[in-house]
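A.B. asks: my questions are about this predicted structure, shown below with the sequence.
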Amino acid sequence: MTNTIHISQDGPVTVVTLERAEVRNAVDADTARQLHAAFVAFDADPQARVAVFHGAHGHFCAGWDLQAGARLAQEVHTGVDPFAALEFAPEDPNPPGPMGPSRLLLSKPVVASISGAAVAGGMELALWCDLRVMEADAYFGVYCRRFGVPLIDGGTVRLPRLIGMGHAMDLILTGRKVEAAEALHMGLCNRVVPTGEALSAALALAQQLAAFPQSTLLADRASAYAQWDLDLPHALHQEWQRGKACIAEGLEGAARFIAGAGRHGKF
């Protein structure tokens with residue numbers, strides 16, 4: 001198995017780099033397993049606070065490797081189910097997705113550094129991240145529409161939740177290209193930076209998140225994810241249950257504020 005995923009540390013920030021330059025970082029089965037393992041390990045690492053997900057050589061990820069897909073099609077014709085290993089139950093703690101980590105709900109945030117193509121399954125990986133920093137000439141798109149490849153890495157779930165049903169249906173049904181300015185306008189990305197600067201900007205953002213009081217940040221993040229399936233009273237109750245455990249951290253922050261820290265919006 002070729003090592004296509006590289007992991008490095010920048011203090012409390014874990015950098016996960018996808019490197020398959022010959023196919024614009026498209027993901028095959030081995031790479032998906034490596035990606036899944038990398039993010040499970042990040043989540044379990046007590047020293048790591050935030051991850052940055054990066055694609056090497058000018059592209060984030062061009063999606064599922066269609067060359068590998070063609071080989072799987074041959075297996076299907078022989079009666080073999082190549083996707084049996086991807087079946088999962090909703091209660092599974094760390095289920096692997098076709099693209100790797102796409103079924104994981106981590107306890108810590110991930111920032112995507114997006115250059116070049118983030119299309120098809122690559123777009124789904126970007127949607128899986130908490131925040132997306134995008135270069136000015138990068139682009140999204142459900143490019144798998146033209147080949148009949150379904151969105152099975154969370155795209156039909158996360159895209160409507162992120163940008164609303166109207167925008168999501170436009171992108172899902174047409175498969176059209178979405179450039180950075182439009183992506184920012186519709187909320188598909190959080191920052192647009194000059195070409196070549198996504199990684200440095202994502203790292204700076206990750207370091208900012210890592211510097212905040214962590215218990216409260218993680219509790220608020222978890223509450224935001226958990227509220228989707230709850231009615232308002234239950235959503236407010238679970239927010240209180242998570243938040244009350246962090247009130248002591250907030251009181252310490254209040255004392256720092258009174259002592260002069262963090263005034264006038266300073267971080």
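C.D. replies: Thanks, I have the structure now.
A.B. asks: surely residue 145 meets residue 170?
C.D. replies: No. Using CB atoms under 8 Å, residue 145 makes no contact with residue 170, being 11.6 Å away. All C-beta spots, glycine's among them, are computed from the backbone N, C-alpha and C.
A.B. asks: show me the shaky parts of this protein.
C.D. replies: Along the chain, segments meeting pLDDT under 70 span 1, 69-82, 248-251, 253-255, 257-258, 262-267.
A.B. asks: the same query, at a cut-off of 90, please.
C.D. replies: 1-2, 66-93, 147-149, 229, 231-232, 235-236, 238-267 (pLDDT under 90).
A.B. asks: other residues contacting the longest helix along it?
C.D. replies: Counting residues, the longest helix in the chain under DSSP state H turns out to be helix 29-44. Helix 29-44 is contacted by residues 1-5, 7, 14, 16, 18, 20, 27, 48, 51, 65, 68, 94, 96-101, 104, 106-108, 110 when judged by CB atoms under 8 Å, 6 or more residues apart in numbering.
A.B. asks: which of those are buried?
C.D. replies: By neighbour count, with 16 or more other CB atoms under 10 Å, the contacts of helix 29-44 hold 4-5, 7, 14, 16, 18, 20, 27, 48, 51, 65, 68, 94, 96-101, 104, 106, 108, 110 as buried.
A.B. asks: among those, which ones are in strands?
C.D. replies: Secondary structure defined by DSSP state E assigns 5, 7, 14, 16, 18, 51, 110 of the buried ones among the contacts of helix 29-44 to strands.
A.B. asks: adding distance to residue 41, write those residues out as a markdown table.
C.D. replies: A markdown table is the format used below for these (distance: CB to CB, whole Å):
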| residue | distance to residue 41 |
| --- | --- |
| 5 | 11 |
| 7 | 8 |
| 14 | 9 |
| 16 | 10 |
| 18 | 15 |
| 51 | 10 |
| 110 | 13 |
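A.B. asks: so which of those comes closest to residue 132?
C.D. replies: Minimum distance to residue 132 across those is 9.9 Å, recorded for residue 110 (CB to CB).
A.B. asks: surely the closest one and residue 125 touch.
C.D. replies: No. The criterion here is CB under 8 Å, and residue 110 misses it with residue 125 at 9.8 Å.
A.B. asks: so which residues of the stretch 1-150 of the chain form helices?
C.D. replies: 29-44, 66-77, 121-128 (DSSP state H, counting those that start in this stretch).
A.B. asks: can you put those in TSV and add distance to residue 160?
C.D. replies: Below are the helices of the stretch 1-150 of the chain laid out as TSV (distance: least, CB to CB, whole Å):
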stretch	distance to residue 160
helix 29-44	23
helix 66-77	26
helix 121-128	10
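A.B. asks: distance of the residue nearest the centre of the chain from residue 122?
C.D. replies: Residue closest to the average C-alpha location in the chain (CA atoms, centre = their mean): residue 129, at 1.7 Å. According to CB to CB, to the nearest Å, residue 129 and residue 122 sit 11 Å apart.
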